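> Following is a predicted model, sequence given first.
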Amino acid sequence: MSVNNAYEIAQQEFDHVADMLDLDEEARTFLRDPKKEYHVRIPVRMDDGSLKIFDGYRVQHNDALGPNKGGLRFAANETLDTVRMLAMKMTWKCSVANIPLGGGKGGVVVDPRDLSVGERERLVRAYVRALFPAFGPRNDVPAPDMGTNAQDMCWFMDEYSMLGGRYIPGVVTGKPVGGGGSLGRNEATGLGVIICVREAMKQLGIDSTKTTAAIQGFGNVAQYAAIHFIKMLGGKVKCVSCWNRDEKKSFTFLKEDGIDPYFLMSITDAYGTVSNEKAAEAGYQVLDGGEWIKQDVDVLIPAALEKQITGENVGFISKNVKILAEAANGPTTLEADAALRERGMFVIPDFLCNAGGVTCSYFEEVQNDQNYYWSVEEVLQKLDYKMSTAFNSVYEMSVEKKAYMRDAAYMVSIKRVADAMRFRGWIK
Ligand code: NAD
């Protein structure tokens, strides 16, 4: 069996925690593979009059806790195994966040940059028609993900509502505010990361006002993580980094006495590139993209993309780093994770750390369901409660079982799903 396949790696991680939990055979067999999988071939009339058939997937890993939840991706290299792996991870993410949803994921094999707006709309609508019975607020609720956006969700919701014969906004989340979306969604993931860091500092006895952080990335998650590290914790963010489109490499923007995220946002272009010249003029050191990980800070926050902390650079992490908050999905390779585990690093694992986004999506569904919308203060207050409770249940498990935080998070989430399956009579 190849261990390079992301789905097989996810299954191995599951086996490892199932052993630690002493999970029975019935629960293991159920959870190791998805409950339902769909593969559809989607015909779309292209602008030049030709007919193109796209492969589309939807995987529903497990819905013991509630309707499946997970993004819809448009990616040229999409495979069924990638979708399976991501659907399984959604089950664990919803469960660890303690929201009553299961895990799902969808994908279409397409490079969205190859589509005109009209072709894109026809593809989204055709995907919905091909899989109509699979979706619904009580079945499976997609969201924007890699290669898809809020407009795609609006087309999705419209097509689904037309086929259903009534307005059904809760079939997807990530809709714009005013189109059924929730206030607070933009900042939910970054804020959720910092709520986890705040709770970790409380448990570890760290005075947050004296702390510093280094952040990789300066997109949606990283920007709000930086803002709230400063605003909520009273700490300093020493650096952030970003991908520079023109130079085709990444840069780190560092200021010893703390960066100003609003200033850096004001010199970031529409494609997410921070201006090196304007940053330097304002007194920032503009360093190589890899420098963020070498900083002598209390908290490291990878918030850009996957596989950024590797066997090669894990040794650069300062001995003074006390918390690694995995804001991005899968930022740490297995090799780097083994080194961090060995060294006793306090890791807030990705599916707990960035669960603020899916938690706010759940709030969107709840608001759609009741057709009554909350103020931003109400959304963020509820988010704070859910994220701090989620963090603390994992922390308590890690103390009780003397487990690494990543293992403890898996243990909490797998146990909740297995218990729900038992309550429902799916397993003994
Ligand atoms: P984004 O596209 O808004 O930002 C990504 C950032 O990473 C950009 O600033 C980009 O310049 C930077 N970047 C890209 N390559 C880089 C490199 N080599 N070095 C340094 N910086 C680099 O994305 P986002 O929404 O902020 O998501 C970031 C991560 O968080 C992803 O892993 C995503 O899957 C995960 N995540 C996001 C959400 C959410 O609600 N947005 C929710 C859960 C998980």
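Okay, I see it. Residues are numbered from 1 along each chain as shown.
> Please make it C-alpha for all contacts and neighbour counts, starting now.
OK.
> Please name the spatially closest residue to residue 159 (chain neighbours excluded).
Nearest residue to residue 159 in three dimensions, chain neighbours excluded: residue 125, at 5.8 Å (C-alpha to C-alpha, 6 or more residues apart in numbering).
> Apologies, that question was intended for residue 407.
residue 17 is the one closest to residue 407 (C-alpha to C-alpha, 6+ apart), at 6.4 Å.
> Surely that neighbour is within a strand?
No - assigned with DSSP: H, G, I helix; E, B strand; the rest coil, residue 17 falls outside any strand and is helix.
> need the contact list for it.
By C-alpha atoms under 8 Å, 6 or more residues apart in numbering, residue 17 lies in contact with 407, 410-411.
> Go ahead and confirm residue 167 touches residue 161.
Yes - because the distance of 5.0 Å satisfies C-alpha atoms under 8 Å, residue 167 is recorded as touching residue 161.
> Can you pick out the residue with more neighbours from the two?
residue 161 (17 against 14; other C-alpha atoms under 10 Å).
> to the chain's geometric centre, what's the distance from the helix or strand containing the more buried one?
Assessed by DSSP states H and E, residue 161 sits inside helix 150-164. In terms of C-alpha atoms, centre = their mean, to the nearest Å, the centre of helix 150-164 is found 23 Å from the chain centre.
> From here on, call the first residue 832.
Taking 832 as the first residue, the last one we looked at is helix 981-995.
> Quickly list what the nearest residue to residue 914 once chain neighbours are set aside is bridged to.
Closest residue to residue 914 apart from its sequence neighbours, by C-alpha to C-alpha, 6+ apart: residue 936 at 5.8 Å. Applying DSSP bridges to residue 936 gives these bridge partners: residue 890.
> In three-state terms, label the residue in the chain sticking out farthest from the centre for me.
Computed with C-alpha atoms, centre = their mean, the residue of the chain farthest from its C-alpha average is residue 880, at 37.8 Å. What three-state DSSP gives for residue 880 is coil.
> contact partners of stretch 902-917?
836-839, 841, 865, 888-890, 892, 935-943, 973-979.
> Ok, stretch 1013-1020 next?
Stretch 1013-1020 is contacted by residues 1005-1008, 1051-1052, 1055, 1185-1188, 1191-1192, 1194-1195, 1198, 1204-1207, 1210-1211, 1214 when judged by C-alpha under 8 Å, 6+ apart.
> Now, of those, which are buried?
Burial by neighbour count, judged by 16 or more other C-alpha atoms under 10 Å, picks out 1005-1007, 1051-1052, 1055, 1185-1188, 1191-1192, 1194-1195, 1198, 1204, 1210-1211, 1214 from the contacts of stretch 1013-1020.
> which residue ranges form the strands in the stretch 1032-1181 of the chain?
1043-1047, 1067-1075, 1080-1085, 1116-1119, 1130-1133, 1154-1156, 1177-1179 (DSSP state E, counting those that start in this stretch).
> closest to the ligand out of those?
The ligand lies closest to strand 1067-1075 among the strands of the stretch 1032-1181 of the chain, at 3.6 Å (C-alpha to the nearest ligand atom).
> Is there any residue in stretch 1159-1179 that contacts the ligand?
Yes - counting by C-alpha under 6 Å from any ligand atom, contacts between stretch 1159-1179 and the ligand involve 1159-1160.
> Straight-line length of that stretch, end to end?
For stretch 1159-1179, the first-to-last residue distance is 11 Å (C-alpha to C-alpha, to the nearest Å).
> which parts of it are buried?
Neighbour counts over stretch 1159-1179 (16+ other C-alpha under 10 Å) mark 1159-1163, 1165, 1167-1168, 1171, 1176-1179 as buried.
> Output those residues as TSV; include the columns pLDDT.
Output for those, formatted as TSV (pLDDT from 0 to 100):
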residue	pLDDT
1159	95
1160	91
1161	91
1162	95
1163	95
1165	90
1167	96
1168	95
1171	97
1176	97
1177	98
1178	98
1179	98
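> Among the residues you listed, name the ones in helices.
1165, 1167-1168, 1171 (DSSP state H).
> How many neighbouring residues does the closest residue to residue 891 other than its chain neighbours have?
With C-alpha to C-alpha, 6+ apart as the criterion, residue 891 has its nearest non-adjacent residue at 4.4 Å, and that residue is residue 935. Neighbour count for residue 935, taken as other C-alpha under 10 Å: 33.
> where's residue 935 relative to residue 1121, distance?
Using C-alpha to C-alpha, we find residue 935 at a distance of 34 Å from residue 1121.
> before we move on, what about residue 1131?
In this view, residue 1131 and residue 1121 are 13 Å apart by C-alpha to C-alpha.
> what about those two, which has more around it?
Neighbour totals were compared for residue 1131 and residue 1121, and residue 1131 leads with 27 against 15 (other C-alpha under 10 Å).
> what's across from the more buried one in the sheet?
Beta bridges link residue 1131 to residue 1045, residue 1155 when assigned by DSSP bridges.
> who touches residue 1050 in this structure?
Residues in contact with residue 1050 (C-alpha under 8 Å, 6+ apart) are 1073, 1103, 1134-1135.
> How much space separates it from the ligand?
Distance, residue 1050 to the ligand, by C-alpha to the nearest ligand atom, to the nearest Å: 3 Å.
> Residue 911 now?
The gap separating residue 911 from the ligand is 18 Å, by C-alpha to the nearest ligand atom.
> what about the strands in the stretch 832-981 of the chain?
Here the stretch 832-981 of the chain has its strands, by DSSP E, counting those that start in this stretch, at 867-876, 882-893, 899-900, 903-906, 933-940, 971-972.
> Point out the most buried one among those.
Using mean count of other C-alpha atoms under 10 Å, the stretch among the strands of the stretch 832-981 of the chain with the largest mean neighbour count is strand 899-900, at a mean of 32.
> List the contacts of it.
Applying C-alpha under 8 Å, 6+ apart, the contact partners of strand 899-900 are 891-893, 921-922, 932-936, 970-974.
> near the ligand, anything from that strand?
No - if you take C-alpha under 6 Å from any ligand atom as the test, strand 899-900 misses the ligand, and the best it gets is 13.0 Å.
> Quick one: mean pLDDT over that strand.
The average pLDDT within strand 899-900 is 98.
> Before we move on, what's the pLDDT of residue 835?
Listed pLDDT for residue 835 reads 62.
> Please apply the same query to residue 841.
Note on residue 841: pLDDT of 88.
> if I look at residue 977, how far off is residue 997?
The separation that residue 977 has from residue 997, given C-alpha to C-alpha, amounts to 29 Å.
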